[in-house]
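In: predicted model follows, preceded by the sequence.
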2 protein chains.
Amino acid sequence: PDLHAVEEVRARDGRLTKPPGSLGRLESIVEWLAAWQGRGQPAVNRPVVCVFAGNHGVVEQGVSAYPQAVTQQMLENFAAGGAAINQICAAYDLGFKVFDLALDLPTGDITQTAALDEKACVATMAFGMEAIAGGADLLCLGEMGIGNTTVAAAIYGALYGGDPVHWVGRGTGVDDAGLARKVAAVEAALVTHRDHLKDPLEVLRRLGGREVAAAAGAILAARMQRIPVILDGYVITAAAAVLHALDADLIGHCLAGHCSVEGAHREVLERLGKKPVLDLGMRLGEGTGAALAAGIVRAAAACHNGMATFETAGVASRERSTGGP
Amino acid sequence: PDLHAVEEVRARDGRLTKPPGSLGRLESIVEWLAAWQGRGQPAVNRPVVCVFAGNHGVVEQGVSAYPQAVTQQMLENFAAGGAAINQICAAYDLGFKVFDLALDLPTGDITQTAALDEKACVATMAFGMEAIAGGADLLCLGEMGIGNTTVAAAIYGALYGGDPVHWVGRGTGVDDAGLARKVAAVEAALVTHRDHLKDPLEVLRRLGGREVAAAAGAILAARMQRIPVILDGYVITAAAAVLHALDADLIGHCLAGHCSVEGAHREVLERLGKKPVLDLGMRLGEGTGAALAAGIVRAAAACHNGMATFETAGVASRERSTGGP
């Protein structure tokens, strides 16, 4: 983080026509932008939402309320502008990109085998890195993939331990029988891979999915390119959790866009030291929570960059001073 | 509320390309819009932020960190586009109107006399009603007025009782001595008017301010004109609290935009049965919290109105059905 840039922001903030601290979280968001963009006047002129999509062998265990074909169908819906994320991007003027990660080649069923071999895992992370090469000054990460809340739950179970049921939620809305199958699948995956879960990258390769691996790559690349990142919900946070387990500092440039109602997302965010910007009871994915938070981040930057100072506006400052226009 | 319109929204929501309930609060916001706009396809095409500004005799008690002249100076800052609310309105494309409520005629010092006489209180409420006559499909209420958090604390103390200190916060940032003066002023006001605080409108007249009276009028007029209202923070909520004390149903069309860190705003919102959309540690006023929430409301409406249905998008629906494009 560029602490000099943060100091510049604080100095300007103190001169803006508002009581000190009165914009609360908006002020700390601007400091975060400055720290990771590495400039004292942070900007949000090219915000981009990147959605990574993958398919998962574990859907064979009956863990989702929707068939696997929906992943591809939703990509077509994204292309046609019909999904929730399309509307939010249009409303907030955010760029939008979708990446099809070999949808016709689902990962291995994690209850029985590794999701990805080493080559595929590394290649997918590298693809995620290149996905943001087009440039951006704010990156929102999202995902689509029937079955991927099961995969994320397995990753959390591997990283944090405890009873697997603790990490499992209803995803797109499975019934009680589906939830039981989902818990059983996570339990089975953790047993199958139990001797290989100490290395976080091995957790990613064995229990993850292509969208999770690509998101992890994108987070790393954004760091190198000085692009602050907004995490979406339960699944994208799993990519951040893998990196955090390697080195907590790797996700310093990531903001938690919202708190999902899926699984134990709130607890995961606490473990990562991330306070979500929004808490709206959402559990859709697609980057919707991150994109909504980008609207707040954009407003925060607009306030900082556009507000007048006490001097230029002729507004009297504190302590009963008597300046005037 | 138009329950038929709510039913229309729910029927359409169930066909949209997302798992049922997955947009959480966004879904209930759309229902709220529909209920109070009285149409099954609610729209946010003409959102307006109205800021009411007034001056307060009680500032003579040393209750603010800023001189009274700042109210007028900030109005000039609004006109020049230099305040925080200007930036948020520009970022979210919200209309913006400011109303100068006789700034050169501060209200009476509530520690000693009534803030307003009956004629002035009624006239200011009527002015607030007419202020929104230009039309809107979503109304955000904001305020500006040095000293008005003291006035709001006095209103809450009168409506809800308890130790006055409980309702008092640091406002624009008074020091400990200023806070003590603020508490003393609220205590004195509640003693001075103690025999006349059973009627909520009398609480408004004696302890309120012009911006609070105008906001109360605007809330009532919006109800009659089928315009949903977003409340800002600690001061605007005092106008809603007065109406709520008259009849809880009078503020059914009001959404709490955010929870302020000022005073006991969180508790007041609970008393009003309002769950804030945002909780960002803000305490600026000007309508900033309401305007940020309007960005969320606009995105909610965009999702509902713009999303494809399962049928039109060719996306398979739940329960492992096998439809396809």
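Out: That came in fine, so what should we check first?
In: got the residues of the stretch 51-200 of chain A near chain B?
Out: When proximity is defined as Cβ under 8 Å from any Cβ of the partner chain, the stretch 51-200 of chain A approaches chain B at A:65-67, A:69-70, A:73-74, A:76-77, A:80-84, A:86-88, A:90-92, A:171-173. The C-beta positions use only the backbone N, C-alpha and C, and glycine is treated the same way.
In: so where does the one residue in the stretch 51-200 of chain A that gets nearest to chain B fall, helix or strand?
Out: Using Cβ to the nearest Cβ, the single residue of the stretch 51-200 of chain A nearest to chain B is residue A:82, 2.8 Å away. Using DSSP states H and E, residue A:82 sits in no helix or strand.
In: tell me how far it lies from residue B:306.
Out: Using Cβ to Cβ, to the nearest Å, one gets 8 Å for the distance from residue A:82 to residue B:306.
In: which of these two has more residues huddled nearby?
Out: Ranked by neighbour count (other Cβ atoms under 10 Å in any protein chain shown), residue A:82 and residue B:306 place residue A:82 first, with 21 against 17.
In: so what's the residue count around the residue lying closest to the more buried one once chain neighbours are set aside?
Out: In space, and not counting its chain neighbours, residue A:82 is closest to residue B:308: 2.8 Å by Cβ to Cβ, 6 or more residues apart in numbering or on different chains. Using other Cβ under 10 Å, residue B:308 has 20 other residues around it.
In: list the contacts of residue B:308.
Out: Applying Cβ atoms under 8 Å, 6 or more residues apart in numbering or on different chains to residue B:308 gives the contacts A:77, A:80, A:82, A:83, B:16, B:17, B:315.
In: over to residue A:32?
Out: A:228, A:255.
In: equivalent analysis for residue A:60, please.
Out: residue A:109.
In: so it lies in a helix, does it not?
Out: Yes. Membership of residue A:60 in a helix is supported by DSSP: H, G, I helix; E, B strand; the rest coil.
In: in the stretch 101-250 of chain A, which segments are predicted with low confidence?
Out: For the stretch 101-250 of chain A, no stretch is flagged by pLDDT under 70.
In: mind listing the helices for it?
Out: For the stretch 101-250 of chain A, the helices defined by DSSP state H, counting those that start in this stretch occupy A:118-131, A:148-160, A:176-192, A:200-207, A:210-224, A:234-246.
In: check which residues of the fifth one are buried.
Out: Spelled out, that is helix A:210-224. A:210-223 (16 or more other Cβ atoms under 10 Å in any protein chain shown).
In: next one: it to chain centre, how far?
Out: Relative to its chain's centre, helix A:210-224 lies at 10 Å (Cα atoms, centre = their mean, to the nearest Å).
In: that one packs against which elements?
Out: Judged by 3 or more Cβ pairs under 8 Å, 6 or more residues apart in numbering or on different chains; DSSP states H and E, helix A:210-224 is in contact with strand A:47-53, helix A:118-131, strand A:138-144, helix A:148-160, helix A:200-207, strand A:229-231, helix A:234-246.
In: in the second one, what's buried?
Out: Right, helix A:118-131. Using 16+ other Cβ under 10 Å as the test for burial, helix A:118-131 gives A:120, A:121, A:123, A:124, A:125, A:127, A:128, A:129, A:131.
In: tell me the one of these nearest residue A:265?
Out: Distance to residue A:265 across those (Cβ to Cβ) is lowest for residue A:128, with 21.2 Å.
In: surely the closest one touches residue A:221?
Out: Yes. Between residue A:128 and residue A:221 there is a contact under Cβ atoms under 8 Å: 7.2 Å.
In: could you give the mean pLDDT of the longest helix anywhere in chain A?
Out: For chain A, the longest helix by residue count, based on DSSP state H, is helix A:288-306. Confidence for helix A:288-306, expressed as mean pLDDT, is 98.
In: report the angle between it and helix A:234-246.
Out: Computed by axes from the mean of the first three to the mean of the last three Cα atoms, to 10 degrees, the angle separating helix A:288-306 from helix A:234-246 equals 70 degrees.
In: number of nearby residues for the residue nearest to residue A:9 when sequence neighbours are not counted?
Out: Ranked by Cβ to Cβ, 6+ apart and with sequence neighbours excluded, the top spatial neighbour of residue A:9 is residue A:34, at 4.6 Å. Using other Cβ under 10 Å, residue A:34 is surrounded by 28 other residues.
In: please compute how far the helix or strand where residue A:34 lies lies from its chain's middle.
Out: Per DSSP H and E, residue A:34 falls inside helix A:25-37. Relative to its chain's centre, helix A:25-37 lies at 17 Å (Cα atoms, centre = their mean).
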